[in-house]
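Engineer: here are the coordinates; sequence isn't available:
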């Protein structure tokens, strides 16, 4: 007897088979023959569908509340980054150009405050690491 290769069924197929089992129009043996799946597998999918039916209606409210919390945190982070990149400073954070008086006078000589690397990398990683176009590795 040849052994069949293990199959992975997609979620749409599992839902289709489980719904057919829940309807009860056919027996598990008939459904197993129709969908070419073992009856125990159909029974398992049916059980999971029935147990998870409550979550379909409940999950959206919980998920919406969770998403609102995430959005609030992201808006706060965006505000922090906008303040940091705009150059607005307070007495706790010294300006980048405070030790370079010539940079404040001539905007052409000022280093960009928010280059793409500075936004993505920690503060201690700088241009000297060779991550830019002038990398020599």
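Structural biologist: That came through fine. Because the structure is predicted, anything quoted here is derived from the model rather than measured. Numbers count the residues shown, from 1 in each chain.
Engineer: Which other helices and strands does the lengthiest helix in the chain contact?
Structural biologist: The residue-count maximum for a helix in the chain (DSSP state H) belongs to helix 39-86. Here helix 39-86 is seen to pack against helix 11-23, helix 28-35 when contacts are counted using 3 or more C-beta pairs under 8 Å, 6 or more residues apart in numbering; DSSP states H and E. For every residue, glycine as well, the C-beta is placed using N, CA and C.
Engineer: domain parsing for the chain?
Structural biologist: The chain breaks down into these domains under automatic domain parsing: 10-52, 65-89+97-125.
Engineer: Confidence-wise, which of those is weakest overall?
Structural biologist: Among those, domain 65-89+97-125 carries the lowest mean pLDDT, at a mean of 67.
Engineer: What number of residues are in the vicinity of residue 2?
Structural biologist: 4 (other C-beta atoms under 10 Å).
Engineer: element containing it?
Structural biologist: Using DSSP states H and E, residue 2 sits within no helix or strand.
Engineer: if I look at it, how far off is residue 56?
Structural biologist: 40 Å (C-beta to C-beta, to the nearest Å).
Engineer: got it, and residue 20?
Structural biologist: 18 Å.
Engineer: The two: which is more packed in?
Structural biologist: residue 20 (18 against 9).
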